[in-house]
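Q: Give me a model of this one.
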Amino acid sequence: MSSGEKHEVVDVKSTANNELKPSKSGGILFPNENKYSHIKNKLVRSQQYQKAKREKKKAKKLAKKQQDNEGASKKVPHTIESLRIKDETTVDDVNAEENELIRNDFDNDEFSEYYKQTYEPKVLITYADNPMRKTRIFGRELTRIIPNSVSLYRNRSGVKKIVKSAIKKEFTDILIINENKKEPDGLLVIHLPDGPTAHFKVSNVRITTELRKNHKDITAHRPEVILNNFTTRLGLTVGRMLGALFHYSPEFVGQRAVTFHNQRDYIFFRHYRYGFDNDGKKAKLKELGPRFTLKLRSLQKGTFDSKYGQFEWIIDGRRHTMETSRRKFNL
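A: Now for the predicted structure:
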């Protein structure tokens with residue numbers, strides 16, 4: 001074998017090794033079908049490979065961007081809300097027969113006369129015995145939000161006695177604010193004269209002065225009422241009950257709105273004043289206060305009766321006996 005032939009054999013072996021193994025300098029592993037194997041310079045060959053790799057990555061990124069722009073579904077992170085287990089009483093817009101039954105029920109329930117606009121609500125707001133300052137302020141602020149409402153002290157009267165007295169004075173609803181550790185922590189809503197009665201846990205109460213300094217711009221206009229995300233039969237009943245506290249004819253000139261937003265069975269209350277820019281396209285919100293959160297504890301048929309009352313729904317503090325999953329909501 002000539003010296004030239006010997007050199008040729010060694011060169012082929014070296015090339016084969018470079019195609020299968022990493023280089024000694026950087027650890028780049030070239031594939032078996034290496035389209036850059038004809039380049040003799042090792043550095044240039046590596047640069048060409050890296051350039052092609054970058055271009056491939058860039059093209060893949062561009063294709064994904066185009067796919068997203070065409071409306072392809074994106075991966076949405078899972079939350080408790082997105083994984084919510086549908087309640088068997090959830091109202092389905094598609095099911096016309098079920099909706100007809102619900103409409104018939106609502107046409108004959110305790111709030112039907114209000115939604116037929118046959119009377120104007122008249123609301124009595126009272127407290128637990130010897131309410132502290134923040135509780136009293138909270139009650140007075142509710143009178144500024146709820147039209148045709150008055151705030152009176154309880155004077156150690158029992159709830160049943162208050163109900164009888166309120167019916168005689170033609171009140172349509174009673175709100176009783178309870179407190180714990182100088183903070184409002186409970187709300188009893190009694191619809192008159194025949195109920196139902198709802199008991200809510202109250203939390204995260206922020207009165208107006210804790211949110212903003214100037215509260216003089218809260219006018220006496222009747223606010224708009226927004227009930228959001230009440231989707232089950234129980235949720236619709238609770239929403240109708242809260243809506244029936246307010247006058248059915250808002251005064252839009254006042255540009256005030258109150259919102260009861262249900263999320264994961266927590267009802268968030270907000271009170272806003274809204275306004276529009278010069279073009280009338282964008283709305284600006286200013287929170288007026290107060291702000292608080294409600295959590296339904298029970299719904300009782302009729303007016304309040306702690307001993308013989310019949311409950312339509314009551315929460316059990318022992319989660320394992322009442323709720324089978326954290327992802328199932330009642331409202």
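
Q: all strands of the stretch 201-331 of the chain, in order?
A: Listed in chain order, the strands of the stretch 201-331 of the chain (DSSP state E, counting those that start in this stretch) span 224-228, 256-263, 266-276, 283-287, 291-300, 311-314.

Q: Who does the residue lying closest to I314 once chain neighbours are set aside form a beta bridge with?
A: Spatially, and ignoring its direct neighbours in sequence, I314 is nearest to S298 (4.2 Å; C-beta to C-beta, 6 or more residues apart in numbering). To be clear about C-beta, it is placed using only N, CA and C from the backbone, and glycine gets the same treatment. Bridge pairing for S298 (DSSP bridges) gives the partners H199, I314.

Q: residue contacts, S298?
A: When contacts are counted by C-beta atoms under 8 Å, 6 or more residues apart in numbering, S298 touches 198-199, 311, 313-315.

Q: now swap in I167 and tell me
A: Contact analysis of I167 by C-beta under 8 Å, 6+ apart lists 192-193.

Q: Flag every buried residue along the host helix or strand of Q50.
A: Following DSSP states H and E, the helix or strand that holds Q50 is helix 42-69. Applying a neighbour-count criterion of 16 or more other C-beta atoms under 10 Å, one finds 45-46, 49 buried in helix 42-69.

Q: returning to what we had before: any chance of the contacts of S298 in a markdown table, plus distance to E170 and neighbour count?
A: As requested, the contacts of S298 are arranged in a markdown table below (distance: C-beta to C-beta, whole Å; neighbours: other C-beta atoms under 10 Å):
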| residue | distance to E170 | neighbour count |
| --- | --- | --- |
| A198 | 21 | 22 |
| H199 | 24 | 21 |
| F311 | 27 | 12 |
| W313 | 29 | 17 |
| I314 | 30 | 13 |
| I315 | 33 | 17 |
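
Q: What separation is there between Q50 and V44?
A: Distance of Q50 to V44, given as C-beta to C-beta, to the nearest Å: 11 Å.

Q: Same question for D173.
A: 85 Å.

Q: next one: T231
A: Taking C-beta to C-beta as the measure, T231 falls 66 Å from V44.

Q: Same check on G280?
A: According to C-beta to C-beta, G280 stands 65 Å off from V44.

Q: Check E312 too.
A: E312 sits 81 Å away from V44 when distances are taken as C-beta to C-beta.

Q: for G195, same thing?
A: Computed as C-beta to C-beta, the G195 to V44 distance reads 87 Å.

Q: likewise Q67?
A: In this view, Q67 and V44 are 35 Å apart by C-beta to C-beta.

Q: With N278 instead?
A: From N278 over to V44 the distance is 64 Å, taken as C-beta to C-beta.

Q: T293 is in contact with F269, isn't it?
A: Yes: if you go by C-beta atoms under 8 Å, T293 and F269 touch, sitting 7.1 Å apart.

Q: Where does pLDDT dip in this protein?
A: Within the chain, the segments meeting pLDDT under 70 span 1-34, 70-89, 92-98, 213-217, 317-327.
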